[in-house]
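Colleague: Let me see the structure of the following:
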Amino acid sequence: MGSRKCGGCLSGLLIPLALWSIIVNILLYFPNGQTSYASSNKLTNYVWYFEGICFSGIMTLLSMIFSALGIAFSGYCLVISALGLVQGPYCRTLDGWEYVFEGTAGRFLTDSSIWTECLEPAHVVEWNIILFSILIALSGLQVLVCLIRVVTQLSRILCGTYSVIIQVTDPQWHLDLLHFTPTNQDPMTPVERV
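Modeller: Down below sits the predicted model:
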């Protein structure tokens, strides 16, 4: 009973996590709320992997049926988002459009003084850091939720927590079961009521 309630609760949790992943991934296409960068293909290349829309979003909604696939898809989103975060944004610098922080192995994340090297889009470094971090957190939660669902489902199957319900249809048997007193006599012999 507890695992059924837990499974239902986890299923209900996956829906908002998937929807938020889709929304956050869509926001990555519009740095600082502007559409011009998406139309001119001047976005971080990891945005184009659709990790939040397809894999942590739509596929996770379907994964309520296939929890194991939910782990894989959400894990994909987590890894790609982490790579996008460490690589840094694709932005215009004094030398043109480039991944200016690509060789820093993520050190730019803690040194905000160099973020000004990205001239355009405005605030793209903060935008990418915040949104990729949110995708990492959401997909990490989804991996945990799906993993718990798989473990719960496997334990119910392997440990036999499914119960068999016996329905008593004869009222006499019902009364006999209520007044049952263990004896040494044959189990098929009716017990006399005292």
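Colleague: name the element the residue nearest the centre of the chain belongs to?
Modeller: In the chain, the residue lying closest to the centroid (C-alpha atoms, centre = their mean) is Q142, at 1.6 Å. Using DSSP states H and E, Q142 sits in helix 124-158.
Colleague: chain center to that helix, what's the gap?
Modeller: Offset of helix 124-158 from its chain centre (C-alpha atoms, centre = their mean, to the nearest Å): 4 Å.
Colleague: again, but for stretch 81-88
Modeller: The answer for stretch 81-88 is 19 Å, by C-alpha atoms, centre = their mean.
Colleague: Can you point out the buried residues in that stretch?
Modeller: The neighbour-count check on stretch 81-88 (16 or more other C-beta atoms under 10 Å) flags S81, A82, G84, L85, V86, Q87, G88 as buried. All C-beta atoms are positioned from the backbone trio N, CA, C, and that covers glycine.
Colleague: do stretch 101-114 as well
Modeller: Buried positions in stretch 101-114, judged by neighbour count with 16+ other C-beta under 10 Å: F101, F108, L109.
Colleague: how long is it end to end?
Modeller: By C-alpha to C-alpha, to the nearest Å, the extent of stretch 101-114 from end to end equals 9 Å.
Colleague: what sits up against it?
Modeller: Stretch 101-114 is contacted from outside by L85, V86, Q87, G88, P89, W115, E117, V125, I129, using C-beta atoms under 8 Å, 6 or more residues apart in numbering.
Colleague: if you set the cut-off to 7 Å instead, what comes out?
Modeller: V86, Q87, G88, I129 (C-beta atoms under 7 Å, 6 or more residues apart in numbering).
Colleague: Give the buried residues for the helix holding Q142.
Modeller: 124-125, 127-129, 131-132, 134-136, 138-143, 145-149, 152.
Colleague: which stretches of this protein form strands?
Modeller: 91-93, 96-98 (DSSP state E).
Colleague: Let me know which of the ones you listed is the nearest to L28.
Modeller: Judged by C-beta to C-beta, the one of these that comes nearest to L28 is strand 91-93, at 13.5 Å.
Colleague: what does the closest one contact?
Modeller: With C-beta under 7 Å, 6+ apart as the test, strand 91-93 has contacts from V100, E117, C118, L119, E120, P121, V124.
Colleague: Pick out whichever of these sits closest to V47.
Modeller: V124 (11.1 Å).
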